[in-house]
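Engineer: Return a 3D structure for these sequence lines:
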Amino acid sequence: MDVLKAINGRRSIRAFKSEDVPPEVVEKLVDAARLAPSAGNIQPWEFVIVRRTGIKRRLVEAALGQAFIEEAPVVIVVCADEIRSSQGYGERGETLYCIQDTAAAVQNILLAACSLKLGTCWVGAFKEEEVREILEIPHGVRPVAIIPVGYPVGFAPPRSRRPISQIVHHELF
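Structural biologist: Presented below is the predicted three-dimensional model:
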């Protein structure tokens, strides 16, 4: 699929078929994520793949009751290794670059999933410490996104976007 077609066609999906997503397909998504750019090529990302219903149920609770997380056959939790980034870039690496880098990895997952006819949703609303505890994520590694992945029940229509004329500034703000 053409990347612009994926960008234009990608939607946040919150309803999934019960059909499983094969491990090799999930691996393609993670492979796309690891190809994202990162500051100094540090690659501070870590991925936790969740399939067990009990763990997904606990993630729903940590994510403020977003039940569609449990309905997805697989959930990818994307984490940022703050320590890894700080070793290369100090405080800025720890507080900014690792977040930027993992955000790029998340976007690659979303676009790759779209190209494979999968639905995803970037979930950022969750209690970070609860997710850390549920998944036994070590300190220094920060959960950044929860991405439910599955075959969508349907596709949402496009949402409105601000026009380019409102968001572009030439030379100065």
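Engineer: which residue packs closest to Val48, ignoring adjacent ones?
Structural biologist: Among residues not flanking Val48 along the chain, Val77 sits closest, at 4.2 Å (Cβ to Cβ, 6 or more residues apart in numbering). (Each C-beta comes from the backbone N, C-alpha and C, glycine too.)
Engineer: my bad, should have said Ile13
Structural biologist: Gly119 (2.9 Å).
Engineer: burial count for the one you found?
Structural biologist: 26 (other Cβ atoms under 10 Å).
Engineer: helices and strands of the chain: which one bottoms out on pLDDT?
Structural biologist: Ranked by mean pLDDT, DSSP states H and E, the weakest helix or strand in the chain is helix 3-9, scoring a mean of 93.
Engineer: For that one, what is the distance to the chain centroid?
Structural biologist: Put simply, helix 3-9 sits 17 Å off its chain's centre (Cα atoms, centre = their mean, to the nearest Å).
Engineer: Am I right that Val48 falls within a helix?
Structural biologist: No: counting by DSSP: H, G, I helix; E, B strand; the rest coil, one finds Val48 to be strand, located in no helix.
Engineer: distance of it from Ile99?
Structural biologist: For Val48, the distance to Ile99 (Cβ to Cβ, to the nearest Å) stands at 17 Å.
Engineer: Between those two, which has more neighbouring residues?
Structural biologist: Neighbour comparison, Val48 and Ile99: the larger count goes to Val48, with 19 against 16 (by other Cβ under 10 Å).
Engineer: can you tell me which helix or strand the residue most central in space within the chain belongs to?
Structural biologist: The chain has Val106 as the residue nearest its centroid, 3.7 Å off, counting by Cα atoms, centre = their mean. Assigned by DSSP states H and E, Val106 falls within helix 98-115.
Engineer: and what of Leu59?
Structural biologist: Per DSSP H and E: Leu59 is located in helix 53-62.
Engineer: For that helix, which outside residues touch it?
Structural biologist: If you take Cβ atoms under 8 Å, 6 or more residues apart in numbering as the criterion, helix 53-62 is touched by 50, 66-67, 69-70, 72, 75, 77, 126-127, 130-131, 134-135, 146.
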